[in-house]
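Participant: need coordinates for the below:
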Amino acid sequence: MLVSWHGHACVSIEFDSYIIVIDPHDGGSIGLKKPAVKGDLILITHDHFDHNAVNTVAKEKSRVLKMHYGETLIDNVKVTGLRTFHDKFKGKRRGENTVYLVEVRGFKLAHLGDLGEIPSEDVLGKIKEADLLVIPVGGTFTIEPSEAWSLVEKTKPINVMPIHYWIPGTTLPLKPVDEFIKHVKDYKVVKLDTNTFDPTLYRNSVIIPRPP
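Facilitator: Here you go, the predicted model:
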């Protein structure tokens with residue numbers, strides 16, 4: 001099981017040569033490199049330009065789920081889409097956002113997309129104790145770093161991977177990951193020298209891949 005960060009909110013999961021890509025961007029429009037990955041299954045949390053660049057990562061026969069709510073099984077991958085909002089005003093400013101729970105081989109990854117609110121207890125309950133919680137921490141368009149940490153405390157994941165924060169080159173006004181790290185308690189902060197890792201090798205860790 002390999003997880004890779006492709007900058008911004010783009011994350012891929014690979015097992016048995018099968019690749020799931022979540023929230024691809026096109027690179028240039030946000031000042032980053034284009035994701036160097038092609039997905040068999042592509043998940044889009046919401047239809048904004050920096051999260052929906054399907055053609056950037058698509059294969060000829062890629063399956064695509066865009067803002068898909070409810071449970072579905074695709075190629076032995078269970079995907080659960082949970083309705084949330086991109087802001088604190090029930091979507092009136094930035095619309096809806098899908099939280100995806102991806103389950104494969106007993107491994108659970110929760111990708112929160114551009115979450116802009118503290119979700120309902122129902123949503124929190126479904127993503128609780130995920131093996132890897134992928135959470136936006138850069139603020140401005142999403143929850144703030146302190147709010148992101150409060151969600152970690154509420155959901156108690158095995159490991160945490162922050163996304164959607166400022167890195168060199170990014171043209172979006174986001175906060176750097178250090179603003180999130182300063183809130184971390186009871187988890188080890190692990191900074192990697194690669195953008196790819198095996199999440200099953202970690203426990204109680206905030207995993208920070210190197211920007212691609």
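
Participant: pLDDT weak spots in this structure?
Facilitator: Scanning the chain for pLDDT under 70 picks out 91-92.

Participant: need the strands for it, in chain order.
Facilitator: For the chain, the strands defined by DSSP state E occupy 2-5, 11-15, 18-22, 39-44, 58-66, 70-74, 77-85, 96-104, 107-111, 132-136, 159-163, 188-191, 196-197, 205-208.

Participant: okay, the ones you listed in a markdown table with distance to H51 next?
Facilitator: No exception for glycine: its C-beta is placed from N, CA and C like everyone else's. Shown next, in a markdown table, are these (distance: least, C-beta to C-beta, whole Å):
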| stretch | distance to H51 |
| --- | --- |
| strand 2-5 | 14 |
| strand 11-15 | 11 |
| strand 18-22 | 9 |
| strand 39-44 | 6 |
| strand 58-66 | 10 |
| strand 70-74 | 20 |
| strand 77-85 | 14 |
| strand 96-104 | 9 |
| strand 107-111 | 11 |
| strand 132-136 | 11 |
| strand 159-163 | 11 |
| strand 188-191 | 25 |
| strand 196-197 | 21 |
| strand 205-208 | 20 |
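
Participant: check contacts around E147.
Facilitator: Residues near E147 by C-beta atoms under 8 Å, 6 or more residues apart in numbering: I118.

Participant: that one and L172: what is the separation?
Facilitator: Going from E147 to L172 by C-beta to C-beta, to the nearest Å gives 18 Å.

Participant: ditto for S12
Facilitator: Distance of S12 to L172, computed by C-beta to C-beta: 21 Å.

Participant: the two - which one has more neighbours?
Facilitator: Each of S12 and L172 has its neighbours counted (other C-beta atoms under 10 Å); S12 has more, 23 against 16.

Participant: so that one makes contact with I20?
Facilitator: Yes: contact criterion C-beta atoms under 8 Å: S12 and I20 qualify, at 6.4 Å.

Participant: joint contacts of those two?
Facilitator: What both S12 and I20 touch, as defined by C-beta under 8 Å, 6+ apart, is the set G39.

Participant: for the chain, which helix is longest?
Facilitator: The residue-count maximum for a helix in the chain (DSSP state H) belongs to helix 145-155.

Participant: what's the angle from it to strand 159-163?
Facilitator: Taking axes from the mean of the first three to the mean of the last three C-alpha atoms, to 10 degrees, one finds that helix 145-155 is oriented at 150 degrees with respect to strand 159-163.
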